[in-house]
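S.K.: Let me see the structure of the following:
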Amino acid sequence: MIGPQRYLQHPEQIELELSPLLKAPAASSSSIPLGLLLHCHHYYPSGKWLRIQAPALTEELSIDARVVDCDRGQQGDYLLKLAFPDQEQMFRARMLEQLCQICIYQRHDPDKDLNQQALEWIEAEAAHFPSNGL
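M.R.: From the prediction side, this is the model:
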């Protein structure tokens, strides 16, 4: 299986919940050029479908992705490369990764208004966040 050309690196400070899917979602016929790269504690074989969630950030947002590769990392974990079945899932992943970056940004000054910090991050960083042509 061929994977995406580029990968978003998920920050290790935000824990993701990965759940195996019993049935593969319908995939588009076109290749999605942007994937997700993350560290995890379990091995997942290539071709396995997973549902990704970040319950600490949002209960509503979930993403379906296919395992492209899962290699043993240097610290005993696994480096997981994921591909998305369609543009919608890739867009959802970008949204989740931006939420993760905003959350990390907000931790730098916990006394400051969270909404104000989110707006600051969006103004400073959102235009530069990887999109790969979205």
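S.K.: ok, longest helix in this protein?
M.R.: If you go by DSSP state H, the chain has its longest helix at helix 87-107.
S.K.: Name the residues of the lengthiest strand in the chain that come out as buried.
M.R.: Secondary structure of the chain per DSSP state E: the longest strand is strand 58-72. For strand 58-72, burial by neighbour count (16 or more other C-beta atoms under 10 Å) applies to 62, 63, 64, 65, 66, 67, 68, 69, 70. Backbone N, C-alpha and C define where each C-beta goes, glycine included.
S.K.: rewinding a little: for the next helix or strand after the longest helix of the chain, list every residue counted as buried.
M.R.: Per DSSP states H and E, helix 87-107 leads on to helix 114-125 as the next helix or strand towards the C-terminus. Neighbour counts over helix 114-125 (16+ other C-beta under 10 Å) mark 117, 118, 120, 121 as buried.
S.K.: Skipping adjacent residues, who's closest to the third one in space?
M.R.: Sequence neighbours aside, residue 105 is the residue nearest to residue 120 in space, at 7.5 Å (criterion: C-beta to C-beta, 6 or more residues apart in numbering).
S.K.: Just give me the neighbour total for residue 7.
M.R.: Number of residues near residue 7 (other C-beta atoms under 10 Å) recorded here: 18.
S.K.: Going forward, count from 42.
M.R.: Got it, first residue is 42 now, which makes that one residue 48.
S.K.: and it, what are its bridge partners?
M.R.: Beta-bridge pairing of residue 48 under DSSP bridges involves residue 76.
S.K.: Quick check: the two most widely separated of the buried residues of helix 155-166?
M.R.: Greatest spatial distance in the buried residues of helix 155-166: 159 and 161, 7.3 Å, computed using C-beta to C-beta.
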